[in-house]
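Colleague: model the following, please.
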Amino acid sequence: MKFPYKKVLVLGNGGAGKSTFASNMGARFSLPVVHLDRLWWLPGWVNRSREEFDGLLAAELAKPVWVMDGNYHRTLSQRLAAADCAVFLDIPAAVCLEGAHARAAQYAGRTRPDMAQGCPERVDAEFEEWILRFEQSVRPAMLGALEGSGKPHFVFSSRPAAYKWLESFQGN
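Modeller: Numbering: from 1, shown residues only. This next block holds a predicted model:
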């Protein structure tokens, strides 16, 4: 079956594999990939103003096709309204923490491809704590937003399950 979606959100905990999954989806279906981390961060881990971020986000949402990864809960309802569907990588926190540390080791001292330039990869105590708290503090609201959106959404509790779903569609 042909992939029926042109605007897809990819959501999940830090270290869940959102950016990698979004990049794979984009490559498989010839969809441009928007990494929200690239829109939010400036070199040196300085964040943009909300106004500037919102302007950049609005420009991306107005485009006819995209895969967009990142949580940024403040803008989730806006992004869901523009999306055709959402994928939630509902990966256990311990697995996400392992993923974040593996990514930090892979890109030690360098900026990963889905991040803004000048932001070398790191996992600090604050990020670890956010990952560990995600299931209690972020997940319920995110699932509620997905349910309330009326949009198709797909929740996967493992990376292999998500990729099996992705591979069930005919690639370009």
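
Colleague: in stretch 17-32, what counts as buried?
Modeller: For stretch 17-32, the neighbour count (16 or more other C-beta atoms under 10 Å) marks 17-26, 28-29, 31 as buried. The C-beta positions use only the backbone N, C-alpha and C, and glycine is treated the same way.

Colleague: swap that for stretch 29-47, please
Modeller: Neighbour counts over stretch 29-47 (16+ other C-beta under 10 Å) mark Phe29, Leu31, Val33, Val34, His35, Leu36, Asp37, Arg38, Leu39, Trp40, Trp41 as buried.

Colleague: quick revisit: now the buried residues of stretch 17-32 in JSON lines, with pLDDT?
Modeller: What follows is those, written out as JSON lines (pLDDT from 0 to 100):
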{"residue": "Gly17", "pLDDT": "96"}
{"residue": "Lys18", "pLDDT": "97"}
{"residue": "Ser19", "pLDDT": "95"}
{"residue": "Thr20", "pLDDT": "96"}
{"residue": "Phe21", "pLDDT": "98"}
{"residue": "Ala22", "pLDDT": "98"}
{"residue": "Ser23", "pLDDT": "97"}
{"residue": "Asn24", "pLDDT": "96"}
{"residue": "Met25", "pLDDT": "97"}
{"residue": "Gly26", "pLDDT": "97"}
{"residue": "Arg28", "pLDDT": "96"}
{"residue": "Phe29", "pLDDT": "96"}
{"residue": "Leu31", "pLDDT": "97"}
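
Colleague: residue contacts, the closest residue to Pro4 other than its chain neighbours?
Modeller: Taking C-beta to C-beta, 6 or more residues apart in numbering, and ignoring the residues beside it in sequence, Pro4 has Asp84 as its nearest neighbour in space, at 7.7 Å. By C-beta atoms under 8 Å, 6 or more residues apart in numbering, the contact list for Asp84 reads Pro4, Tyr5, Lys6, Lys7, Val8, Lys151, Pro152.

Colleague: and Asp84, how far from Ala16?
Modeller: 21 Å (C-beta to C-beta, to the nearest Å).

Colleague: and if you look at Asn24?
Modeller: Here Asn24 is placed at a distance of 14 Å from Ala16 (C-beta to C-beta).

Colleague: returning to that earlier point: for the contacts of Asp84, which PyMOL command selects only the ones that are buried?
Modeller: The buried residues among the contacts of Asp84 can be selected in PyMOL (16+ other C-beta under 10 Å) with this line:
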select buried, resi 5+7+8+151
